[in-house]
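1. Have a look at this fold, sequence not included:
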């Protein structure tokens, strides 16, 4: 009896243990059941219609062969063909002859042969492949197409037609949902009036905008563009490019870190290490920000602006806070157009033969004249020239003459304490080979100049006359001639202290003189 009781107790305990196990594991079992019910069921390929059906169990018991106007559906895609091999268990189909996939209202894919896997929803299309999506047509030999993601890939050369554009590339991916092509290798886009060549590019078929991330050339009827990165709107003819960016509109060559250009209006903007080259006038301007237009040709440059004019034997550098150039039409003869350059707020010029400083200046390519305004100063070798306003006339990129008006003043330094000085109402200076050779001062002329024999001062001459003529050699005054009843005194050099040998209006501005082209960017008042 005790043995039976022990057995019953053991069974009772076993039942309790089993109940506890079920209770503890019930949530896990329900979770597993829910997961099984939630797992998506792969939709099977459906045969919608056909002419004939056959089987060949010796080849493959799972194979069914359909012929004659076969129509097949899988999810939202419809496949039609002349004949199809359907592997029901594998959920795959091979279609032959006049193969056509329709997906949605816009996308159609054609070929001679398609293998389609319903489990992965991927199609392999071969032979006379043609993908049509709205206004876009892709022609190639082989395409791999993901039906679910609507992505097509080819790597056997493709030709795309979109509107007026024809695109050719060795490799490409088409994202139908985004209407976007990604091209690589040997890319060419040919439009009505441009050709684009690149090695890596994206192209939006709806906006007709090209995005490129490698060396790219855009050659048009009225423009040439090069850059490593950027975009080009083929429909509206606008672009923004960077990384070795260059725009050549056949009037100007614009380079910079980032360039924006509107081909139709001819307007553009450049930022960062810019350079605008005018090949017709053999000049260029650099800076860090520029606005420019093609017609009438003009630009405005700020932030370290520098204008450079190449000459036969010298180069002229001009700097100011702002450089502005515009094409001007002559009022007397509208057939004559010329470039006018203006520099304002701290204008300075450097060349090996002369330098200048002024509040503002202008340079006219019509008469090759530089006009200086607001505290203008010119330095030519050892001579400093000042006046209320100045004109510099050039010929064949060489200095020809200068004209100074109202308060003309010429100064050259003899030593640390003494200065040769000539002043008058107006002044005309004449150059030979960019060297100042003769100066004529007219109206209320006054002069102080020191006589030197060898290295020794032998006298100082002070005089007044209506006209003074000075001959200069190697920057030094060699001869002074006075006209119109001159009144002068010749004294020993030490008869007066240096402070007494200063003419009214004397200003020695050597601290403003630029000593090289980089010194142009030094602010006036700072030490050289």
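-> Arrived safely. Remember, it's a predicted structure, so these values are computed and weren't measured experimentally. Numbering: from 1, shown residues only.

2. Contacts only, for the closest residue to residue 387 other than its chain neighbours.
-> Among residues not flanking residue 387 along the chain, residue 404 sits closest, at 3.6 Å (CB to CB, 6 or more residues apart in numbering). (Glycine included, C-beta is placed from N, CA and C.) Residue 404 sits next to 385, 386, 387, 389, 390, 391, 426, 427, 428, 429 when contact means CB atoms under 8 Å, 6 or more residues apart in numbering.

3. Quick check: bridge partners of the fifth one?
-> Looking back up the chat, that one is residue 390. Residues in a beta bridge with residue 390, per DSSP bridges, are residue 372, residue 404.

4. unless I'm mixing things up, it is touching residue 406, no?
-> No - taking contacts as CB atoms under 8 Å, residue 390 lies outside contact range of residue 406: 10.0 Å.

5. what number of residues lie near residue 331?
-> 7 (other CB atoms under 10 Å).

6. and it, what element?
-> When elements are assigned from DSSP states H and E, residue 331 belongs to no helix and no strand.

7. picking up where we left off before, give me the distance between the residue nearest to residue 387 and residue 471.
-> From residue 404 over to residue 471 the distance is 18 Å, taken as CB to CB, to the nearest Å.

8. swap in residue 420?
-> Taking CB to CB, one finds residue 420 at 13 Å from residue 471.

9. shared neighbours of those two, which are they?
-> Contacts common to residue 420 and residue 471, judged by CB under 8 Å, 6+ apart, are residue 477.

10. which one of residue 390 and residue 406 has more residues nearby?
-> A count of neighbours by other CB under 10 Å puts residue 390 above the other of residue 390 and residue 406, at 24 against 10.

11. That one: what's it in contact with?
-> Neighbours of residue 390 in contact, by CB under 8 Å, 6+ apart: 356, 358, 371, 372, 376, 378, 402, 403, 404, 405.

12. For burial, what's the neighbour tally of residue 51?
-> When neighbours are defined as other CB under 10 Å, residue 51 has 11 of them.

13. repeat for residue 121
-> Residue 121 has 17 neighbours, counted by other CB under 10 Å.

14. wait, what's in contact with it?
-> Counting by CB under 8 Å, 6+ apart, residue 121 has contacts 74, 75, 146, 147, 148.

15. Just want the phi and psi numbers for it.
-> Residue 121 adopts backbone torsions of phi 60, psi 40, taken as degrees, to the nearest 10.

16. Distance check, it against residue 77.
-> On the measure of CB to CB, residue 121 and residue 77 end up 8 Å apart.

17. where do the contact lists of these two overlap?
-> By CB under 8 Å, 6+ apart, the residues touching both residue 121 and residue 77 are residue 147.

18. residues making contact with the helix or strand hosting residue 289?
-> Using DSSP H and E, residue 289 maps to strand 283-293. The contact list for strand 283-293 (CB under 8 Å, 6+ apart) reads 252, 254, 256, 265-278, 298-310, 323, 325.

19. Only the buried subset of the residues you listed, as a PyMOL command please.
-> In PyMOL syntax, the buried subset of the contacts of strand 283-293 is picked out as below (16 or more other CB atoms under 10 Å):
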select buried, resi 252+254+256+266+268+269+270+271+274+275+276+277+278+298+299+300+301+302+305+306+307+308+309+323+325
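
20. Among the contacts of strand 283-293, name the ones in strands.
-> Those of those mapping onto strands are 254, 256, 267-278, 298-302, 306-310, 323, 325, per DSSP state E.

21. Residue 420 and residue 471: which is more packed in?
-> Taking other CB under 10 Å, residue 420 and residue 471 do not tie; residue 420 has more neighbours (23 against 13).

22. Who are the contact partners of the more buried one?
-> Contacts for residue 420 were tallied using CB under 8 Å, 6+ apart; they are 410, 411, 412, 413, 414, 447, 448, 449, 450, 477.

23. Now do the last one, the pLDDT please.
-> pLDDT, the model's per-residue confidence, is 78 for residue 477.

24. List the buried residues of the strand holding residue 289.
-> By neighbour count on 16+ other CB under 10 Å, the buried set for strand 283-293 is 283, 284, 285, 286, 287, 288, 289, 290, 292, 293.

25. Check stretch 333-352 too.
-> Buried residues in stretch 333-352, counted by 16+ other CB under 10 Å: 339, 341, 342, 343, 344, 346, 347, 348, 349, 350, 351.

26. Report the buried residues of stretch 446-466.
-> Buried residues in stretch 446-466 (16+ other CB under 10 Å): 446, 447, 448, 449, 450, 460, 461, 462, 463, 464, 465, 466.

27. Count the neighbours of residue 393 for me.
-> When neighbours are defined as other CB under 10 Å, residue 393 has 15 of them.

28. In contact with residue 377, which residues?
-> So residue 377 contacts 356, 357, 358, 384, 385, 386, 509, 512, 513 (CB under 8 Å, 6+ apart).

29. The fourth one bridge partners, please.
-> When bridges are called by DSSP bridges, residue 384 pairs up with residue 379, residue 411.

30. same thing with the second one?
-> Beta-bridge partners of residue 357, counted by DSSP bridges, are residue 348, residue 377.

31. Run a quick neighbour tally on it.
-> Using other CB under 10 Å, residue 357 has 24 neighbouring residues.
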